[in-house]
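Chemist: The following block contains a protein sequence and its predicted model.
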Amino acid sequence: MSGSPPPEGGFVRRVGLFQATAINMSQMCGIGPFVTIPLMVAAFGGPQAVVGFVAGAVLALADGLIWAELGAAMPGSGGSYVYLRQAFQYRTGRLMPFLFVWTAMLFIPLIMSTGVVGFVQYLGYLAPDLGQTSGDLIGLGVIALVIALLWRGIEHIARITAVMWAVMIASVLLVIVAAASDFSPHLAFTYPAHAFELTSNQFWIGFAAGLTIGIYDYLGYNTTAYMGAEIKDPGRTLPRSIIFSILGIMAIYLLLQIGTLGVIDWHRMTNPNDIASTSVASAVLEETWGKGAADTVTVLILITAFASVFAGLLGGSRVPYDAAKDRVFFKPYARLHPRHRFPTLGLATMGVVTAIGFLIGRHTDLATLIQLLTTVMVLVQALAQILAVSVLRSRQPGLKRPYRMWLYPIPSIVALVGWLVIYGYADKNSPGRHPIEWSLAWLALGCVAFVLWARFEKVWPFGEKEISEEFLAGASAEGDRAVL
């Protein structure tokens, strides 16, 4: 496929399978497991915390198959925006895509802000005297640097991402190898009494908290779906990049979690005064190979955290572009850079929200921030997309689907149960923070904004519904050409 700009001056398809998988894996791994292993252990109350990563992998794979079918069939920029627009236009007009963009402008930068919080947290291992103000300024500087690096053409970004992916793999593998060199099965597999007591309500509260942390660590398997208009041969590349990245990260996480628990006593991870509670990977290296090795790997982890934020803002900044182009969001977001062809305002806005989220995260706790961004995401993206697969199979049976979900509808049911567990237990896992109430309030505010916007634009419910089946029309046109 040609790499020259398309006639309409839109995106360019230059990202292949390796680069797409690297983008997903860089966003998925990042700083996540390095800062959440102690959180997972605290949620479960022991080394049985590995259950959380397994459960997160199952949910990610089930949900990933949903993304794979939708992304392969409708490879446009914006990911969920495109899928929800196509699926729900028949009954509610532009409401669902509008609400998705509304929430995505919040939860995507919040995910990135947790990566920057983790970056500063691990930097504290190298600079123990790092103060609150200095940490804040460094985190804001990291965000500014990410935006500067993304302010260029996609072909340059793909090369940068491949390098960062290699650093991410190296940092994780070094921690895994170091843990294996001094692994204690007694530490890793000695569980507290009643650790797996399924009749205990406390077990299920811990499981729900662990599942939330687990799926947070896997988030990013869908990054390339947001870049569908820039992926080569998307019908094959998108599903493969999603599935390959989930399976690869699942193997890495399990080795990392079990290896870490085999070196560091889990009680240390729950002690806020112990370095293992904030920089557990550095503690593993220090315990096994010494302080010099720990410092070196900590630097690699910082690069990995940077790569995660880089990849996330790369994909997320594409979300408002399609919406604005289709008059479902503010018009300035439809503008691309005249030379490098990337959405300037979308990137800048998400950078600003990431900075705000980072400052909030620095002055609260990471677990609460994860709960907030997850509950906001569940309603308008996760649950809506599960329904979208079935709606589109019914409404657009002729849509070209290069990939169809394996064992349909079982993955949809598994994903539905997993997301409902996460949402239902959110308040219990964040006492006093009320993430469910905040998510509902944000959604209600989005509905009010939609009504005001719809009245101004004179669209449903203040005008006729506009049904656009461009992907179905494209499939029909390809079929016509094939016959001719």
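Modeler: Right, received. Where do you want to start?
Chemist: drop to CA atoms for contacts and neighbour counts, all remaining ones
Modeler: Fine.
Chemist: quick one: low-confidence ranges for the stretch 251-400 of the chain?
Modeler: 337, 340 (pLDDT under 70).
Chemist: ok, now with 90
Modeler: Low-confidence segments of the stretch 251-400 of the chain, defined by pLDDT under 90: 252-253, 272-279, 300-301, 303-347, 349, 357, 359-377, 379-381.
Chemist: And the helices in the stretch 151-300 of the chain, which stretches?
Modeler: 154-181, 185-189, 201-218, 234-261, 266-269, 280-288, 291-316 (DSSP state H, counting those that start in this stretch).
Chemist: Alpha carbons only: can I get the third one in CSV?
Modeler: As requested, C-alpha coordinates have been extracted for helix 201-218 and formatted as CSV (Å, rounded to 0.1, in the frame of the first residue of the first chain):
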residue,chain,number,x,y,z
ASN,A,201,-17.1,-11.8,51.1
GLN,A,202,-13.6,-10.5,51.7
PHE,A,203,-12.1,-12.8,49.1
TRP,A,204,-14.5,-11.4,46.5
ILE,A,205,-13.9,-7.8,47.4
GLY,A,206,-10.1,-8.5,47.1
PHE,A,207,-10.8,-10.3,43.8
ALA,A,208,-12.7,-7.4,42.4
ALA,A,209,-9.9,-5.0,43.5
GLY,A,210,-7.3,-7.3,41.9
LEU,A,211,-9.3,-7.6,38.7
THR,A,212,-9.5,-3.8,38.5
ILE,A,213,-5.7,-3.6,38.9
GLY,A,214,-5.2,-6.5,36.6
ILE,A,215,-7.2,-5.0,33.7
TYR,A,216,-5.5,-1.7,34.3
ASP,A,217,-2.2,-3.4,33.7
TYR,A,218,-3.4,-4.8,30.4
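Chemist: Mind listing residues that contact that helix?
Modeler: 28-29, 32-33, 36, 39-40, 43-44, 49, 51-57, 59-60, 195-198, 246, 249, 367, 370-371, 374, 421-422, 425-426, 428-429 (CA atoms under 8 Å, 6 or more residues apart in numbering).
Chemist: and those, which are buried?
Modeler: Buried members of these, scored by 16 or more other CA atoms under 10 Å, are 28-29, 32-33, 36, 39-40, 43-44, 49, 51-57, 59-60, 195, 246, 249, 367, 370-371, 374, 421-422, 425-426, 428-429.
Chemist: What about the residues you listed, which are in strands?
Modeler: Assigned to strands by DSSP state E, none of the buried ones among the contacts of helix 201-218 qualify.
Chemist: Filter the residues you listed down to just the ones in helices.
Modeler: 28-29, 32-33, 36, 39-40, 43-44, 51-57, 59-60, 246, 249, 367, 370-371, 374, 421-422, 426, 428-429 (DSSP state H).
Chemist: can you count the residues close to residue 332?
Modeler: As a burial measure, residue 332 scores 15 neighbours (other CA atoms under 10 Å).
Chemist: no, scratch that, I was asking about residue 186
Modeler: Neighbour count for residue 186, taken as other CA under 10 Å: 12.
Chemist: same deal with residue 399?
Modeler: Here the count is done by other CA under 10 Å, and residue 399 has 19 residues near it.
Chemist: what separates it from residue 412, distance-wise?
Modeler: 19 Å (CA to CA, to the nearest Å).
Chemist: Hmm, residue 100 is touching residue 382, no?
Modeler: No. Using CA atoms under 8 Å, residue 100 makes no contact with residue 382, being 10.3 Å away.
Chemist: Of those two, give the one with the bigger neighbour count.
Modeler: The residue with more neighbours, out of residue 100 and residue 382, is residue 100; 26 against 22, by other CA under 10 Å.
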